[in-house]
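Engineer: show me how the following folds:
(one chain, ligands or ions: 1)
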Amino acid sequence: MLGLAVTAAAMPAWAEPAATAAGDYTAKTGGTGGPIANQLNLQAPATKIAENIYDLHTMMMWIIMVIFVAVFGVMFYSIFKHRKSLGHKAATFHESTAVEIAWTVVPFLIVIGMALPATKTVVAMKDTSNADITIKATGMQWKWGYDYLKGEGEGISFLSNLSTPREQVGNPGEQYTGKRNENYLMEVDNEVVVPVGKKIRIVTTANDVIHAWMIPAFGVKQDAIPGFVRDTWFKAEYTGTFRGNCAELCGKEHAFMPIVVKVVTAEEYTAWVNGKKKEMAALADDPNKTWTIDELKTKGEKVYTANCAVCHQANGKGVPGAFAALDGSAVVNGPKAEQIKVLLHGQKSGKFPSEMPAWKQLSDTDIAAVITYTRNNWSNKPAENIVQPAEVVAARAK
Ligand SMILES: [Cu+2]
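Structural biologist: Model (predicted):
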């Protein structure tokens, strides 16, 4: 009976989630947009769905608390009151239809009282129809790739890498002692930008292993599975910065592929789209252009730092037993055609527990640049020391 009364009392709290006034979210989280130090509760919700989840969680916590106190209260009372040393004699009754009906019906009502609103929320979470903007999020070891598929900004595509400097991350055997960034391991070079109050559909997939795209404040967490397409959605009620992480253990750098979403006003979004399109047009360089070796090396170093150093390390020595060394590698010092092939299609020799992923998604110029960089760096001195974008184009066509 007690449980029932609580269910009924808790219902209105869920049924009418507190109305949110749009404003800036970042301030609510101490200026970070992510979790707060010593935070015990869920992150402050920034979408209606997250609010429903928050309220469901609170309601169920109360129900559980009341049941816990009531059950243990009766149990301890009975044990103390009826103990043998007081000379209590055990009762010998059997079967009580009334009690049996009560202990079937009451829990049933409690479960229904929790399952109904929970189901309603789950169904709403799955309703990705009529989205204003669709963005594909591709999980990769260990970064996210974003492609704006539909809606304003269609055609924009970029990779989003951890931007916390590597030297802030403690190496095995030595601990970093300097000051770490405020958003240590929760910051990226390219943030996902979306407009406030618009339904954003996120389509998730992966290139290698299972990852998961999660932003707690949006109430969104969706597995990104290689070879499959899954989707989820959110409609942010606040502007600001929102931080999340890959939420599916995906290997050595699982902790180093954060997700950052910047929610902006409609005007700011349009400005961002225009800027991004211009930037992309400038980057979509002519693959027939012939570059100098120095230009390729400079560009290649950036590509290497952003994409390769996580495994092969900045010093090119790799990680023994895990990632091949590029310093002194036979592939890097051998014919260039072979290295272009490794970059485009990956490599799995069986000598390492993991494999070299394919890098088809990089531009021809980026691939040519990073190969040229590795061929002219560390102790490498191959006979063929320069690769032009046109050679990558030709290799792709094969
Ligand atoms: Cu991951």
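Engineer: pLDDT below threshold where in this structure?
Structural biologist: Applying pLDDT under 70 to the chain flags residues 1-22, 171-177, 283-285.
Engineer: what residues does it put near the ion?
Structural biologist: Residues of the chain lying close to the ion (CB under 5 Å from the ion) are His211, Cys246, Cys250, Met257. C-beta: built from backbone N, CA, C; applies to glycine.
Engineer: okay, now the closest residue to the ion within the stretch 1-150 of the chain: neighbour count?
Structural biologist: Nearest to the ion in the stretch 1-150 of the chain, going by CB to the ion, is Gly139, at a distance of 5.1 Å. The local packing of Gly139 (other CB atoms under 10 Å) involves 27 other residues.
Engineer: could I get the full set of helices for the stretch 51-200 of the chain?
Structural biologist: For the stretch 51-200 of the chain, applying DSSP state H, counting those that start in this stretch gives helices covering 97-126.
Engineer: Ser160: what's it in contact with?
Structural biologist: Residues near Ser160 by CB atoms under 8 Å, 6 or more residues apart in numbering: Lys143, Trp144, Gly145, Tyr146, Val188, Asp189, Asn190, Glu191, Val192, Ile259, Val260.
Engineer: correct me, but the third one touches Thr138?
Structural biologist: Just to be clear, that refers to Gly145. Yes: assessed by CB atoms under 8 Å, Gly145 is found in contact with Thr138 at 4.1 Å.
Engineer: shared neighbours, the two?
Structural biologist: Common neighbours of Gly145 and Thr138 (CB under 8 Å, 6+ apart) are Asn207.
Engineer: who has more neighbours, these two?
Structural biologist: Using other CB under 10 Å as the criterion, Gly145 and Thr138 rank with Thr138 on top: 22 against 18.
Engineer: how much space between the more buried one and Asp189?
Structural biologist: 16 Å (CB to CB, to the nearest Å).
Engineer: likewise for Ala124?
Structural biologist: 33 Å.
Engineer: ok, Ala255 next?
Structural biologist: Distance of Ala255 to Asp189, given as CB to CB: 17 Å.
Engineer: Pro165: what's it in contact with?
Structural biologist: When contacts are counted by CB under 8 Å, 6+ apart, Pro165 touches Asn181.
Engineer: over to Gly316?
Structural biologist: If you count contacts by CB under 8 Å, 6+ apart, Gly316 has them with Ala325, Leu326, Asp327, Thr374, Asn377, Trp378, Asn380.
Engineer: ok, so of the residues of the chain next to the ion, who is nearest Gln168?
Structural biologist: The nearest member of those to Gln168, counting by CB to CB, is Met257 at 16.0 Å.
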